[in-house]
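Student: dropping the sequence and predicted coords here.
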Amino acid sequence: MSDDVPLGFLVGFLIVLIFLSAFFSGTETALIALNRYRLRHKARSGHRGARFAESLLQRPDRLITLILFGNNLVNFTAAVIAGAITLRLFGSAAWITVAGTVVFTLVVLIFAEVMPKTLAALHPESLAFPASYIYYPLQKIAFPLIWLIGLVANSLLKLAGVNPTDAGQDNLTLEELRVIVNEAGSLLPRKRHRMLQGILELEEMSVDDVMVPHNDITGIDLDDDWETVLETIRTSTYTRLPIYRDSIDHVIGMLDLRRLILNEGLDDLAPNKLAAIMDDPYFIPEGTALHKQLVQFQQNRKRAALVVDEYGDIQGLVTLEDILEEIVGEFTTDITPAHTDVTPDKGDSSYLVNASANIRSLNRMMNWDLPTDGAKTLNGVILEHLETIPETGTGLQLGDYPIEIVQTSDNVVNLVRIHSPEAKAAPSSIV
């Protein structure tokens, strides 16, 4: 390089080149590190920088070609300028050339690579969106050169079995979506976060997880005397009751109590009228996924279904409300002591719990974390854990919860005492 060029100009030119190198390096990292879904949202919301960035990232091969061409051009020019400055100041000795190369490499590495790329990784949008205003028109101006470089590079890639025009797909799997929802917990109100989790968990649950078991179904037995039937209707806490003869295994219809009250009332109700206004029973197979059953309820305009096994025997009753409660929580404001399956015992440290209660309902209602990967009821989980019918006073540990058997019958556990995880149980034996 000519000695007529002032040294100060060369130093200033070198600083500008290092700054441009930092710009190319940092903005490359920032654009690649952008969250595609946040970018898409901002672009659809009218953010101009986001629209430019999204357009650039639709062909990442062209964007990378543009950035690398500019970055390499700047770096090679800077290397030449740095060599000229070293020669002008210290001469042409071999060790001076080596030392100058090492110093220049460290300067580029620190100021044009590590610092800008670290900043870009921490704050990608702050760099990517302003840079897109530069890259977007620059890509159009330099398109012939980018196209030529891309043609050569892409042809070689295609020989290796890679198609550069196939941009990476951003479709989320269910597991990835679940991770995003879990990590966004601090950004969402607690209730909305739980609702999103509940919707995703429907994929893993079946009607068996939420149904009222066969033995706990409340219904109307037409073989009872008429006063008993009317009393069942008056005292029912449910809006739909199965109608059967002799036992719940012989269901002949479903009664909508709201329609009964609105259209008939109880004063003039008679057995023949009851049979006339009841709906046909709606049966579904056990194991039906909750998200599919929710759609079936909507399509068939039903709100309750009887769950049957492969032999057609009734296993339980599931309602639309049962499924919705898995998403929005219990439809009640009093979630602990008033529930019929749970009674506070010994202060706030333990509860007496009906062992026939559904595990998921208990977890949702009491904010517990009892295991749900086995049987559906508390009694079933205890029997699976112990592999025998326990005696009164037997203690066991389910997850973090000490449990004491309070009452059993010949073949089931009826009542248990569940202690809070921080409380210490005092059963007679621990299993």
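Tutor: It's in. Numbering: from 1, shown residues only.
Student: Leu260 - how many residues pack around it?
Tutor: Residues near Leu260, counting by other CB atoms under 10 Å, number 19. The C-beta positions use only the backbone N, C-alpha and C, and glycine is treated the same way.
Student: I'd like to know how far it sits from Pro242.
Tutor: 14 Å (CB to CB, to the nearest Å).
Student: same thing with Lys376?
Tutor: 20 Å.
Student: now swap in Met254 and tell me
Tutor: 6 Å.
Student: quick one: common contacting residues for those two?
Tutor: Pro281 (CB atoms under 8 Å, 6 or more residues apart in numbering).
Student: ok, which stretches of the chain are strands?
Tutor: Ranges of strands in the chain, per DSSP state E, are 212-213, 220-221, 240-244, 251-256, 283-285, 304-308, 314-319, 342-345, 350-354, 394-398, 401-408, 413-419, 429-430.
Student: could you dump these to JSON lines with distance to Leu148 and mean pLDDT?
Tutor: Formatted as JSON lines, the strands of the chain follow (distance: least, CB to CB, whole Å; pLDDT from 0 to 100):
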{"stretch": "strand 212-213", "distance to Leu148": "71", "mean pLDDT": "86"}
{"stretch": "strand 220-221", "distance to Leu148": "82", "mean pLDDT": "90"}
{"stretch": "strand 240-244", "distance to Leu148": "72", "mean pLDDT": "91"}
{"stretch": "strand 251-256", "distance to Leu148": "73", "mean pLDDT": "90"}
{"stretch": "strand 283-285", "distance to Leu148": "63", "mean pLDDT": "94"}
{"stretch": "strand 304-308", "distance to Leu148": "66", "mean pLDDT": "93"}
{"stretch": "strand 314-319", "distance to Leu148": "65", "mean pLDDT": "91"}
{"stretch": "strand 342-345", "distance to Leu148": "74", "mean pLDDT": "83"}
{"stretch": "strand 350-354", "distance to Leu148": "75", "mean pLDDT": "88"}
{"stretch": "strand 394-398", "distance to Leu148": "68", "mean pLDDT": "88"}
{"stretch": "strand 401-408", "distance to Leu148": "69", "mean pLDDT": "89"}
{"stretch": "strand 413-419", "distance to Leu148": "73", "mean pLDDT": "89"}
{"stretch": "strand 429-430", "distance to Leu148": "77", "mean pLDDT": "42"}
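Student: how about those strands in CSV, adding mean neighbour count?
Tutor: Below are these laid out as CSV (neighbours: other CB atoms under 10 Å):
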stretch, mean neighbour count
strand 212-213, 18
strand 220-221, 20
strand 240-244, 21
strand 251-256, 18
strand 283-285, 15
strand 304-308, 22
strand 314-319, 22
strand 342-345, 16
strand 350-354, 20
strand 394-398, 19
strand 401-408, 21
strand 413-419, 21
strand 429-430, 12
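Student: figure out which of the ones you listed is closest to Lys117.
Tutor: Using CB to CB as the measure, strand 401-408 is the one of the strands of the chain that comes nearest Lys117, at 48.8 Å.
Student: partner strands of that closest one and their direction?
Tutor: In its sheet, strand 401-408 lies beside strand 394-398 (antiparallel), strand 413-419 (antiparallel), with partners assigned from DSSP bridges.
Student: just the CA coordinates for it, please, in CSV.
Tutor: Taking C-alpha atoms only, strand 401-408 is exported to CSV below (Å, rounded to 0.1, in the frame of the first residue of the first chain):
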residue,chain,number,x,y,z
TYR,A,401,-48.2,-38.2,51.0
PRO,A,402,-48.3,-40.5,54.1
ILE,A,403,-51.6,-42.4,54.2
GLU,A,404,-53.3,-44.3,57.0
ILE,A,405,-56.0,-46.9,56.4
VAL,A,406,-59.0,-46.0,58.6
GLN,A,407,-61.7,-48.3,57.5
THR,A,408,-61.9,-51.4,55.2
